[in-house]
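[1] below: sequence and its predicted model.
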Amino acid sequence: MRKALRWFAVVVLLLVLFAAGSVAGIVAAYSRNLPDISRMADYQPARSTRIYARDGSLLATLYKENRIWVPIDKIPPVVRDAFIANEDHNFYRHHGVDFFGIARAAASNLTHHQIEQGASTITQQLARGLFLTDKQTISRKVQEALLAMEIERYYTKDEILERYLNLIYLGSGAYGVDAAAHTYFGRGVDKLTTGQAALLAGLVAAPSDYSPYVNRALARERQRHVLDRMAESGYITRVQANEAYAARLELAGERPAGLQGFNAPWFTTFAVDRLESSFGKQATYEGGLQVYTTLDRRMEKIGQDAIDWGVNQGKLEGIGADEAALVAIRPSTGEILTMVGGTHFSLANQFNRAWQAHRQPGSSFKVYVYTSAIDSGMPPSTIIDDSPVSYPDGMGGTWSPHDDDNSYMGAISLRVALAQSRNIVAVKLLEQVGIDRVIEYAKRMGITAPLEPNLSLALGTSVISPLDQAAGYATLANQGVHIPPSPFRVVKDSLGNVVLDNQYPEQTEVVSAGTAYIMTTMMEDVINHGTGYPNAIIGRPAAGKTGTTSDFRDAWFVGFTPDLVTAVWIGNDNYHPMNESYGGNIPARIWARFMKDALQNVAKHDFVYPGDEVKKIASCGRGYGAYEYYLSGTEPLSPCGRPQAPQPNTFAGPLGLSNNSASMPPAPTFSPEPTAPPPPLEATQPPEGAGDGTNDVPLDSPSPSGTARPRHR
């Protein structure tokens, strides 16, 4: 008997040794093919980029995986406890694998025919998520257990838990607890209640099924389960569990995915495009950037309301325009405060006309022609004859510019010609100044689109965007200094390092402060006496210019105060002509409506007068006011006399854009105005029907039935 027992013991020992050897061999075999867990230290998951308005409100979250990485010390204990209680209540006691949990799971599986119930620890789940797949095989389970034990050797429990809570998928596109907190409750993970934390922890097993946006009843059932586990584990009392379950969930409501979920989508989609251009698609959607934009949410709403009102008003008045756009820039910083690209943003209408549409600017382009002339030394009192003229068209015929009223005003000053938007004078002025020179000025002031080098350029035949127009006019509003427009204030990477700082933007002096001021006074006359009157009157110093194409396919008003520059365009996407729609009508009214509301909290003040660069001389009836303005050195030698002829290279601009500049065509030599006294002011006014004709039309009312619509070029 004793001998038999000894043999039995030997056999058992051999079996144990064989089993141990087999297990050791299996472990050794699987160990040879295990991933290198040192990669975990360098692992950088895709993180969400978040875009904010200037008031700190969230505009959009961009992601490949919607994830916001949060350090473990920023995740409150109640959130950690909820996940540990539900997923791995022995987390701080085991070394990667919970053998007691495996035994319980095996028994449960045998009883209930379920797989892996409660078997995987948090460390195993992390190992699976980082290095393996969800494929249900024995080999995967062995590798998972081995990896978990290896991870526990090299990383602390808090390091493991931090990675787990930031990597886990929790439904509705949210990865990690902070993204999930924002997705379900509209707040950061640090603001979650016990009940909300329990609901998130309950999502782990089947996030698509347990989401409160999919099945609220099932989500609540899972929440109850997690709260019970938290009470059983001693994290909270039974009373606290009941109170947490009874509390309101305060769900944020599921936001549409993609563009439809953006706030201020016209501006935000533009900002996203600029992010991709600056940092690339991968960094934009996976880099976890923190983007602080220039958008003013209040002003954006005012802009959208103004556009919607204007298009609707145009329909009531029979204008025939279906779309419009508006861009507003702070000239002193280049910040884009508002961008409205159309009447209603949707998946069917996401073309952003504020920067993607390139349309003919009409007479609003004349500002660049006049600026180049003034900066070259030609004073606004210079007389040019508004009379018929023809030019060879290059095809054996001639081209003859004309105005929409088919009348001529004779000898008029540049100031009057700009205010009344006389086309022939603009073309003659372009010819004198030089086409290449005007193009160069337009480019330096902010126009980025290609410009066709021909005389019709003076009438705005080359296409540009509203954003370009706002940027160009902003150079004048900023006393001749150009700042490229930007939607960004600061951009930080995922670690909080500043990667783009636009708080001190690049500045380029394009024209002198004197030139900018003189142009501003001329454009003030557009509003106070010319084609912008009275629709663009806003009750404070303002300057602007109307723009209308000859076929009425585009109508513009671009204007500014010392604090804000705004460009407005209306038209049709299919280029269908409108019904006699002038820039001084609906666009000017949209502009005025927006500017009044946008600036209601801004004190009124005048444009800065650069006394060292500009001389104020009695106008002697050549302009609209008592005084005319001249660049120092070009003023008349005697009151009401003719201005001095500009000296070569003297008034060619602050950038050295002179006759001997390689980057700029030579400055033209202008003849002084005639010595004969100019016609009195009355004679320089447009004949009947040639001006804006708006005195009989209230600012915000449609044209009276049966009367002709006033002409606002």
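    Right, received. Where do you want to start? Numbers count the residues shown, from 1 in each chain.

[2] got the contact list for Ala252?
    Listed by C-beta atoms under 8 Å, 6 or more residues apart in numbering, the contact set of Ala252 reads 182-187. From N, CA and C alone the C-beta is placed, and that goes for glycine too.

[3] again, only using 7 Å
    184-186 (C-beta atoms under 7 Å, 6 or more residues apart in numbering).

[4] does it sit in a helix, a strand or a coil?
    coil (DSSP: H, G, I helix; E, B strand; the rest coil).

[5] quick revisit: filter the contacts of Ala252 down to the buried ones.
    For these, a burial check counting by 16 or more other C-beta atoms under 10 Å picks out 184-185.

[6] so which of the contacts of Ala252 sit within helices?
    Applying DSSP state H to the contacts of Ala252, the entries found in helices are 184-185.

[7] could you dump the contacts of Ala252 into TSV and include distance to Glu440 and pLDDT?
    Putting those into TSV (distance: C-beta to C-beta, whole Å; pLDDT from 0 to 100) gives the following:
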residue	distance to Glu440	pLDDT
Tyr184	56	95
Phe185	56	95
Gly186	51	91
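
[8] can I get stretch 584-595 as PDB, trimmed to CA atoms?
    Taking Å, rounded to 0.1, in the frame of the first residue of the first chain, the C-alpha atoms of stretch 584-595 are listed here in PDB:
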ATOM      1  CA  GLY A 584     -25.300 102.200 -52.500                       C
ATOM      2  CA  ASN A 585     -28.700 100.500 -52.000                       C
ATOM      3  CA  ILE A 586     -29.000  97.100 -50.300                       C
ATOM      4  CA  PRO A 587     -25.200  96.600 -49.600                       C
ATOM      5  CA  ALA A 588     -24.900 100.000 -48.100                       C
ATOM      6  CA  ARG A 589     -28.000  99.400 -45.900                       C
ATOM      7  CA  ILE A 590     -26.600  96.000 -44.800                       C
ATOM      8  CA  TRP A 591     -23.300  97.700 -44.000                       C
ATOM      9  CA  ALA A 592     -24.900 100.500 -42.000                       C
ATOM     10  CA  ARG A 593     -27.200  98.200 -40.100                       C
ATOM     11  CA  PHE A 594     -24.300  96.000 -39.100                       C
ATOM     12  CA  MET A 595     -21.900  98.900 -38.200                       C
END
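
[9] and it, how far out from the chain middle?
    For stretch 584-595, the separation from the chain centroid amounts to 23 Å (computed by C-alpha atoms, centre = their mean, to the nearest Å).

[10] show me what that stretch is in contact with.
    Outside stretch 584-595, the residues that touch it by C-beta under 7 Å, 6+ apart are 302-303, 306-307, 309-310, 313-314, 319, 324, 326, 531-532, 535-538, 546, 555-557, 559, 561, 564, 566, 568-570, 692, 699-700, 709-710, 712-713.

[11] what's the ChimeraX line that selects buried ones from the residues you listed?
    To isolate the buried members of the contacts of stretch 584-595 in ChimeraX, using 16+ other C-beta under 10 Å:
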select :302,303,306,307,309,310,313,314,319,324,326,531,532,535,536,538,546,555,556,557,559,561,564,566,568,569,570,692,709,710,712,713
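
[12] just to be sure, which of the contacts of stretch 584-595 are found in helices?
    In this view, the contacts of stretch 584-595 that belong to helices under DSSP H are 302-303, 306-307, 309-310, 313-314.

[13] the strands in the stretch 351-500 of the chain, which residues?
    Along the stretch 351-500 of the chain, counting by DSSP state E, counting those that start in this stretch, strands occupy 383-386, 391-392, 398-399, 410-413, 481-482, 488-492, 498-501.

[14] which one of those lies closest to Phe267?
    For these, the distance to Phe267 is smallest for strand 488-492, at 11.4 Å, taking C-beta to C-beta.

[15] just the residues contacting the closest one, thanks.
    54, 289-294, 498-503.

[16] the same query, at a cut-off of 6 Å, please.
    Strand 488-492 has contacts (C-beta atoms under 6 Å, 6 or more residues apart in numbering) with 289-294, 498-502.

[17] closest one to Asp73 out of the residues you listed, please.
    Gln290 (19.3 Å).

[18] so how far is Arg489 from that closest one?
    Gln290 sits 11 Å away from Arg489, going by C-beta to C-beta, to the nearest Å.

[19] same question for Val327.
    In terms of C-beta to C-beta, Val327 sits 17 Å off from Arg489.

[20] and Gln360, by the same measure?
    33 Å.

[21] Pro77 now?
    35 Å.

[22] Glu162 too?
    For Glu162, the distance to Arg489 - C-beta to C-beta - is 31 Å.

[23] kindly report the same for Glu250.
    Counting by C-beta to C-beta - Glu250 and Arg489 are separated by 31 Å.
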